[in-house]
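[1] here you go, sequence then predicted model.
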Amino acid sequence: MSWSHPDLSLQELMKLVKGFVDILILLSGYQSSGRLAHWDSQNIKKAFQWGLFFENFMGSFSSSDDYVDSVMELDGAISEMTSAASFPKGLAHMSSVTLGTARRFVLEHLIHSLPLRDAHFRALLTATVEMDLEELSGSDSDFLNVYLNKLKLEDAPIQEGIEPARKFGDCGGDGLTKYAVHEILKRWSVVSLMETVETGLDVVSQSVRHSSWSEFDDNLLKEQLKCENTPVTVDWLVGCLTWNRWKSDSLSYFLDKRTVQLVSGASLVFSTPKIQWVQIFPQLNFNDLAGGSDDGLCETIELMLLGCIASRWTSVIEHLVSVSYDSRTILEQYHEVCNLLQGESTTLRSKQEAISQETDILEYLSGMLDGHVHLLWKICPALGAVAIPFWTPLFSLYLSEIEIQVKGDLSTMRCCDCAHNRKEHTDCELAQRIWCLYVFHVYGSRPVAHS
């Protein structure tokens, strides 16, 4: 097998392919520095011209059977490039076939990877129309009318479906515009469906929030029940009210639109190899610490913890919905959680069975939290409980801090005044955090945490 193209060596072509990959990465909307990449119509046309070069080059291969071996060798070189751990997974399917429709590939990235704000949308349409008009102007003096007539003829197919059946070369001077319309309609359809889902999710979230006891001032009820001199009934009802409020708080967090968007983003970020996603966070975290703010760090921690449970999202919701009141006191729940560290649990997945992706995230997070464990107390109690496995050092650190506060020892992360006021932890943040650990790691015959 040998390369036999008369104009370019394989090495020269691969340099151009790598340059094209760099352009496609910029089409994702960001520079290598993390800054936004802005695309005007002229730069979009240059990206299309790169695509046109590869289409013409691959078209020259199809003109003769003598190039079959060369195409195979090119695919081998591209496969070697895409298999590298640092290569963007969103472009891993690149091949000689992709290069044969490179303008389409560029257009898909421009439409589906970037927010279609007015300026970008205008630049995209301007570049697309100009490219088609320039192609027609070389062969027809009345190219504008020819272009418009072609679009009119294609009105019916556009309405019938959004997947074009032909390649650009078959369309003759209006293919880029037509495909742009198809892809814009496809994106519009997806966005419409997402808005419908978000509306439904918002209805469910609001229903959970309004049906909870979190908005109900139960102090009056507590006082009235105490006057009835029925301590058992009082304890049961108050415990039930508190249990339901914490349950609703947790469901409200997991069903919140912001949380769902973060889960989607986390799923995308951590679907890439670790060698890629670890490059995202250090600069953000160090800049945040240098500025003396914890906000960005807390969002990074939240994103990582959500990445740990993204594949179990449905199970987490179902488990929370299914839990019912358990009369164990907070102290009893705390001891049950502590028992997890004393022996093996048959209902929880072992460390050896843990998903590699989750393990990588937790290892990185543990290193990032070294000396900053207090930041976990700024995360939703339910998220921290369900995302951190009981066998990890991070869980032990988290539980150690809870133990300090349960005992009333001196702590820099005091979350309630119960110990200071010599009160039992029953309806405070510390109690809620213990309850979350109990619900996700102990409650029921098969806890959802890492199941």
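    Cool, got the structure.

[2] tell me the pLDDT at R117?
    In this model, R117 is scored at 77, pLDDT.

[3] gap between the helix or strand encompassing F53 and the chain center?
    Per DSSP states H and E, F53 falls inside helix 41-61. The chain centroid and the centroid of helix 41-61 are separated by 32 Å under C-alpha atoms, centre = their mean, to the nearest Å.

[4] can you say which helix or strand has the residue nearest to D66 when sequence neighbours are not counted in it?
    The shortest distance from D66 to any non-neighbouring residue, by C-beta to C-beta, 6 or more residues apart in numbering, is to S4 (6.6 Å). C-beta here means a position set from N, CA and C on the backbone, and glycine is covered the same way. Per DSSP H and E, S4 falls between elements, in no helix or strand.

[5] and S4, how far is that from V97?
    20 Å (C-beta to C-beta, to the nearest Å).

[6] got it, and A310?
    Distance of A310 to V97, computed by C-beta to C-beta: 31 Å.

[7] neighbour-wise, which of those two wins?
    Just comparing A310 and V97: by other C-beta atoms under 10 Å the higher neighbour count belongs to A310, 21 against 11.

[8] and the pLDDT at the more buried one?
    91.

[9] what's the answer for G161, then?
    The model's pLDDT for G161 equals 36.

[10] and for the one 10 residues further on?
    According to the per-residue confidence, C171 scores 41 in pLDDT.

[11] what does S411 give?
    Reported pLDDT at S411 in the predicted model: 64.

[12] again with the one 10 residues further on
    pLDDT, N421: 67.

[13] again, but for N287
    Value listed for N287 in the pLDDT field: 48.

[14] do the same with T259
    92.

[15] so the nearest residue to it once chain neighbours are set aside: helix, strand or coil?
    The shortest distance from T259 to any non-neighbouring residue, by C-beta to C-beta, 6+ apart, is to Y253 (5.9 Å). At Y253, secondary structure determined by DSSP: H, G, I helix; E, B strand; the rest coil is helix.

[16] what's the spacing between Y253 and W246?
    11 Å.

[17] report the distance from stretch 256-268 to the chain centre.
    The mean C-alpha position of stretch 256-268 is separated from the chain mean by 5 Å, C-alpha atoms, centre = their mean.

[18] what packs against the helix or strand encompassing S189?
    According to DSSP H and E, S189 maps onto helix 175-211. In terms of contacts (3 or more C-beta pairs under 8 Å, 6 or more residues apart in numbering; DSSP states H and E), helix 175-211 is packed against helix 102-112, helix 118-137, helix 143-153, helix 155-160, helix 168-171, helix 231-255, helix 257-269.

[19] indicate which one of these is closest to M14.
    Of all the helices and strands packed on helix 175-211, helix 102-112 sits nearest to M14, with 14.7 Å by C-beta to C-beta.

[20] quick one: mean pLDDT for the closest one?
    pLDDT averaged over helix 102-112 gives 87.

[21] ok, L24 - contacts?
    91, 105-106, 109 (C-beta atoms under 8 Å, 6 or more residues apart in numbering).

[22] which one of those residues is nearest to R328?
    For the contacts of L24, the nearest to R328 is L91 (52.5 Å; C-beta to C-beta).

[23] mind checking the pLDDT average for the host helix or strand of E12?
    Element membership of E12, judged by DSSP H and E, is helix 10-26. Helix 10-26 comes out with an average pLDDT of 92.

[24] distance between that helix and the chain's centre?
    Relative to its chain's centre, helix 10-26 lies at 27 Å (C-alpha atoms, centre = their mean).

[25] list the buried residues in that helix.
    10, 13-14, 17, 20-21, 24-26 (16 or more other C-beta atoms under 10 Å).

[26] how many other residues sit next to the nearest residue to L10 once chain neighbours are set aside?
    Distances taken as C-beta to C-beta, 6+ apart put W3 closest to L10, at 4.4 Å, once the chain neighbours are dropped. Residues contacting W3 under the criterion other C-beta under 10 Å number 15.

[27] if I look at W3, how far off is S400?
    62 Å.

[28] turn the contacts of L24 into a markdown table, including distance to I78.
    Below are the contacts of L24 laid out as a markdown table (distance: C-beta to C-beta, whole Å):
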| residue | distance to I78 |
| --- | --- |
| L91 | 10 |
| F105 | 13 |
| V106 | 17 |
| H109 | 17 |
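
[29] could you dump these to a markdown table with distance to K46 and neighbour count?
    A markdown table is the format used below for those (distance: C-beta to C-beta, whole Å; neighbours: other C-beta atoms under 10 Å):
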| residue | distance to K46 | neighbour count |
| --- | --- | --- |
| L91 | 19 | 17 |
| F105 | 15 | 21 |
| V106 | 10 | 24 |
| H109 | 14 | 20 |
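
[30] tell me the contacts of F105?
    24, 51, 98.

[31] what do you get if the cut-off is 10 Å, keeping everything else the same?
    20, 24, 27, 47, 51, 54-55, 91, 94, 98-99 (C-beta atoms under 10 Å, 6 or more residues apart in numbering).

[32] related to what we said a few turns ago, got the angle for the helix holding S189 vs helix 257-269?
    130 degrees (axes from the mean of the first three to the mean of the last three C-alpha atoms, to 10 degrees).

[33] now the angle from helix 175-211 to helix 118-137?
    Using the same axes, to 10 degrees: helix 175-211 against helix 118-137 is 160 degrees.

[34] okay, the angle between helix 175-211 and helix 102-112?
    Going by the same axes, to 10 degrees, helix 175-211 makes 30 degrees with helix 102-112.

[35] re the thing from before, of the helices and strands packed on helix 175-211, which is nearest T329?
    Short answer: helix 231-255, nearest of these by C-beta to C-beta, at 8.1 Å.
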